[in-house]
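# have a look; sequence and predicted model below, questions after that.
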Amino acid sequence: MKLTVSLGDNSYPIYIENGILSECGKYISQVFKGTKIMIISDDNVFPLYGQKVMDTLADYECASLVLPHGETTKSFSSLPGIYSALLDAKLTRSDLIIALGGGVIGDLAGFAASTYLRGIRLVQIPTTILAQVDSSVGGKVAVDLPRGKNLVGAFYHPKLVLIDPDVLDTLPQHFISDGMGEVIKYGCIWDRALFDRLCSRSSFEELKPDLTEVITRCVDIKRIVVEKDQFDLGERILLNFGHTLAHTIEQHFHYERESHGEAVGIGMYQITKIAEEKGLTAPGCAEQIRKALEIYGLPSECGLPMTDLTGAMSLDKKNLNGHLNVVLLKEIGDSYVYPTDLSFFDSKGTV
């Protein structure tokens, strides 16, 4: 399956195909005519797939940089080491970086690509569900700061995205659940039929025969949204459903407890509960989300007082001039942006 993100000069193809990893050199040669490639990966992914990718790139001079896995790697302090590796490999502006890994590697390598020599070509090869359906597409690249997630970043589109659902077979169950948080999000904000399809299964194992189709649908939704709003100024904000609360939960625990997908699940459920109480969302939506989260092993609460989280929300990128744009649902499959402020989250209860 080939999809194209049509953004004029920033357009790029996305290929979704089982087994495509063993043919990635063929696809890369269509978008890259240089000589040197740096593969940036982590110590979980590279031992599994690094050599397979490099074997397909025999026509190029390849180097690799393997970083520690985990969200803490996606920090400003990782960048000097990456830049040094790129310089040591003598990469120029005519060369290429491949991000081989999950969302952390995609965001971090993408940000390095956007800033090294003021921009070097980038290819995304995502290896987790979360990265395949969400972070590898759309051109958002970033690093975290101690005071918040993704606070330093850029819009920098890849030249190519290669998605191989087969690599998900080696994912630990934790990362499967993590990615399903973002999959459920797409059903909530855009596609009731997708949401119902997810809820008609009793577990991820029952969904697996349909997984390539589900990934393709999620990517296509993101493609549609990104084409309408490349720089996150309007409709693209819908993709942040649950994230206003999720990012603060992740940060509160220093990215060491709830994963991104788990935090997004909590955020979607808790925000929808508040919206229902305020008459802004149709009754029953929160419970439907909770049941979907339960099917795929995701939590719906984290046990923190809401007051512990609202301070960090003031730094949310969607907080502009004291006004916070929160993504809400009219009903499952139909979302909208609700302008408010931090008072929306006024609560003495726990999340």
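Noted; the coordinates are in hand.
# in the protein, what spans have low per-residue confidence?
311-312, 314-322, 348 (pLDDT under 70).
# run through the helices of it in chain order.
24-31, 51-55, 79-88, 103-115, 129-130, 173-189, 192-199, 204-207, 211-228, 243-252, 260-277, 285-295, 310-313 (DSSP state H).
# which residues touch the second one?
The one in question is helix 51-55. L21, S22, C24, I39, C62, S64, I98, L100, I125 (CB atoms under 8 Å, 6 or more residues apart in numbering). (C-beta placed from N, C-alpha, C; glycine too.)
# now do the contacts for the third one.
If you count contacts by CB under 8 Å, 6+ apart, C24 has them with V53, T56, L57, I125, L162.
# out of those, who has the most neighbours?
I125 (30 neighbours; other CB atoms under 10 Å).
# show me what contacts that one?
L21, C24, V53, I98, A99, L100, V161, L162, D164.
# let's have the residues you listed in CSV, adding distance to P339.
Output for the contacts of I125, formatted as CSV (distance: CB to CB, whole Å):
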residue, distance to P339
L21, 43
C24, 43
V53, 45
I98, 40
A99, 35
L100, 39
V161, 33
L162, 38
D164, 40
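# which one of those is nearest E182?
V161 (15.4 Å; CB to CB).
# ok, that closest one - how many residues close by?
27.
# tell me the contacts of the residue most central in space within the chain?
In the chain, the residue lying closest to the centroid (CA atoms, centre = their mean) is S135, at 2.8 Å. Going by CB under 8 Å, 6+ apart, S135 touches G102, G103, G106, D107, P126.
# pull the most distant pair out of the contacts of helix 51-55.
Largest pairwise distance in these, by CB to CB, is 17.5 Å, between S22 and S64.
# these two: which is more packed in?
Using other CB under 10 Å, the more surrounded residue of S22 and S64 is S64, with 18 against 14.
# thought D42 was touching that one, still the case?
No - counting by CB atoms under 8 Å, S64 sits too far from D42 to count as a contact (11.1 Å).
# thinking again about what came up before, ok, the residue nearest to the centre of the chain to A109 distance?
11 Å (CB to CB, to the nearest Å).
# chain neighbours aside, what residue packs nearest to I237?
Excluding the flanking residues, the one nearest I237 by CB to CB, 6 or more residues apart in numbering is V337, at 5.2 Å.
# that neighbour: how many residues sit nearby?
Neighbour tally, V337, other CB under 10 Å: 17.
# my read: it touches N240, true?
No - checked against CB under 8 Å, the pair V337 and N240 is beyond contact range at 9.2 Å.
# find the residues that touch each one of the two.
V327.
# would you map out the domains in the chain?
Following automatic domain parsing, one finds the domains of the chain at 2-170, 173-345.
# endpoints of the longest one, how far apart?
For domain 173-345, the first and last residues are 32 Å from each other (CA to CA, to the nearest Å).
# ditto for stretch 129-141
17 Å.
# could you do stretch 246-261 as well?
8 Å.
# over to stretch 49-66?
OK, stretch 49-66 end separation, CA to CA: 12 Å.
# and it, what's buried?
Y49, G50, V53, M54, T56, L57, Y60, C62, A63, S64, L65, V66 (16 or more other CB atoms under 10 Å).
# try stretch 336-351
V337, Y338, F344, F345, S347, V351.
# cool, and stretch 173-190?
So stretch 173-190, judged by 16+ other CB under 10 Å, has buried residues 175-190.
# among these, which one sits closest to E227?
The closest of these, once distances to E227 are taken by CB to CB, is W190, at 13.8 Å.
# hmm, that closest one is touching L329, no?
No - at 10.4 Å, W190 does not count as touching L329 under the criterion of CB under 8 Å.
# shared neighbours, those two?
S335.
# tally up the residues packed near N18, please.
Neighbour tally, N18, other CB under 10 Å: 12.
# distance of it from D144?
Counting by CB to CB - N18 and D144 are separated by 33 Å.
# ok, now H157?
21 Å.
# again with E256
13 Å.
# of the two, who's got more company?
Higher neighbour count among E256 and D144: D144, with 25 against 10, using other CB under 10 Å.
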